[in-house]
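A.B. asks: Sharing a sequence plus its predicted fold:
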Amino acid sequence: MAKLALTLKLPFYRLNQIKALEFERMTIVNTQVANDLLLVDKKERKKLTSSAYRHVEIGSAWINQTIRNTNAKTKVKHFKRMWLEVNNQNFEVSKQGKFYSVAFNLLRGRKGRIPLDVHSASHTETLDKIISGEAKLGSLKLCSSKKGVWYALISVSMQVAEPQSVKGWIGVDRGQNNIAVAALPKGFGKFWKGARVKQLRRQFQRTRCQLQSAKQQSQVKRLEQRERRIMTHINHVISKQLVQFALDFGMGLRFEDLFGCRKTMRQNKKTKSDAANNRDTWAFYQLELFARYKAIRAGIPVESVPAPYTSKSDHRNGVLGVRNGDWFRGYDGYRCNADYNASQNIGQWLGFSCPLSLQKALVAMARVDAEGAVNDSPLTSEAF
């Protein structure tokens, strides 16, 4: 059995203004406690417990967690906001009618139950597993949005079934012109275009420049956060569709390993100045991360393969070809979409190209008989 860890973001259902103001006040008090802890020597800080803060009206379990969180942040000099957090021993989740509720004692000696607002298509299955004991609770964190909506962040860990055997692998190529291209083995490909994302990047860049000229730094930060939220939503949607695509055909997902690619990808000054083409803003890892945890829940295996030459090798035989923009051309004149070719390589060829000796041999054969000598001949063991 595989283990999966999730964090559920659940808004409180019709939270009245009195409770919302109380949460806000307690958060301010908790932040002050955290900042007071920063003034204490690190060695002495680790010895402190909630008994040193008996005068604070927040429950002892919450204070102890605040002490642990503060000690974990070794390089922080000042906290702007320290959200209230408690471990799984001091809250519980239950179901009252059609509503899910969470009970905790925020203030010393008090305990209240607050219903949660859960969308019927999102977290009900996981919450039912929590109540039945199939899933294990982690920590509870109370936080609010800038619009004043309060959320309960509940971490959950559960056992999921091991990935089943699959018929084959769907290669997923990630890029900027196409955010993702998923191709069935020797079949069609599904494209997720990146034109809308590029347009949004440039639009946000122009607005940021105007705000920076007006020296409105707070608005610049707000805009960056909004841009990040939009990209996160897009990656969530694409990853969900990728997993469903794999489920429909009973196959696994295979990504190229792009670890450390920002250090190896060269960009000129003109490219970096354009937010739409700057690879430093490319959220490729987040897309893979979202797809991985969604695939684990669905019982779909996920693999990573080496990235070199996936875009330059011909998916039919592995021979190096020429990539020109959005198109790939093989040694025999074969042309196809470059991202589709790369996704086929990721799914079938494990990211490796054939040896250069075989490439030269095939090119020589193509000059003699471009039709029969290559396309109608089986691949040798050296090609694999």
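C.D. replies: Alright, I've got the coordinates.

A.B. asks: Now the phi/psi pair for Q159, please.
C.D. replies: Torsion angles at Q159 (phi, psi; degrees, to the nearest 10) stand at phi -90, psi 130.

A.B. asks: For burial, what's the neighbour tally of it?
C.D. replies: When neighbours are counted by other Cβ atoms under 10 Å, Q159 registers 13. Yep, even glycine has a C-beta here, placed from its N, CA and C like the rest.

A.B. asks: Bridged to it, which residues?
C.D. replies: For Q159, the beta-bridge partners under DSSP bridges are K3.

A.B. asks: That one touches G133, doesn't it?
C.D. replies: No - contact criterion Cβ atoms under 8 Å: Q159 and G133 do not qualify, at 11.6 Å.

A.B. asks: who touches both of these two?
C.D. replies: Common contacts of Q159 and G133, defined by Cβ atoms under 8 Å, 6 or more residues apart in numbering, are absent altogether.

A.B. asks: A34: how many residues sit nearby?
C.D. replies: Neighbour count of A34, defined by other Cβ under 10 Å: 19.

A.B. asks: and it, what does it touch?
C.D. replies: T66, N69, T70, F79, M82.

A.B. asks: Tell me the one among those residues nearest to R25.
C.D. replies: M82 (13.7 Å; Cβ to Cβ).

A.B. asks: OK, contacts around that closest one?
C.D. replies: Counted by Cβ under 8 Å, 6+ apart, M82 has contacts T27, N30, T31, V33, A34, N35, T66, N69, T70.

A.B. asks: quick one: F259 is in a helix?
C.D. replies: No - applying DSSP: H, G, I helix; E, B strand; the rest coil, one finds F259 to be coil, outside a helix.

A.B. asks: Backbone dihedrals for it, both of them.
C.D. replies: Dihedral pair for F259: phi -60, psi 130, per degrees, to the nearest 10.

A.B. asks: ok, now how distant is it from L6?
C.D. replies: Counting by Cβ to Cβ, to the nearest Å, the gap from F259 to L6 is 24 Å.

A.B. asks: These two: which is more packed in?
C.D. replies: The residue with more neighbours, out of F259 and L6, is L6; 15 against 10, by other Cβ under 10 Å.

A.B. asks: how many other residues sit next to R68?
C.D. replies: Using other Cβ under 10 Å, R68 has 12 neighbouring residues.

A.B. asks: One more: N35?
C.D. replies: 16.

A.B. asks: and if you look at A61?
C.D. replies: Neighbourhood size, A61 [other Cβ under 10 Å]: 18.

A.B. asks: Tell me the spatial nearest neighbour of it, not counting adjacent residues.
C.D. replies: Leaving aside its chain neighbours, A61 sits nearest to N90 (4.2 Å; criterion: Cβ to Cβ, 6 or more residues apart in numbering).

A.B. asks: Next up, the contacts around the one you found.
C.D. replies: G59, A61, W62, F104, N105, L140.

A.B. asks: And the strands in the stretch 101-250 of the chain?
C.D. replies: Assigned by DSSP state E, counting those that start in this stretch, the strands in the stretch 101-250 of the chain fall at 112-116, 135-144, 150-160, 169-174, 178-183, 189-193.

A.B. asks: Can you redo these as JSON lines, where the extra columns are mean pLDDT and distance to A342?
C.D. replies: JSON lines is the format used below for those (pLDDT from 0 to 100; distance: least, Cβ to Cβ, whole Å):
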{"stretch": "strand 112-116", "mean pLDDT": "82", "distance to A342": "43"}
{"stretch": "strand 135-144", "mean pLDDT": "94", "distance to A342": "38"}
{"stretch": "strand 150-160", "mean pLDDT": "92", "distance to A342": "30"}
{"stretch": "strand 169-174", "mean pLDDT": "93", "distance to A342": "4"}
{"stretch": "strand 178-183", "mean pLDDT": "94", "distance to A342": "7"}
{"stretch": "strand 189-193", "mean pLDDT": "94", "distance to A342": "10"}
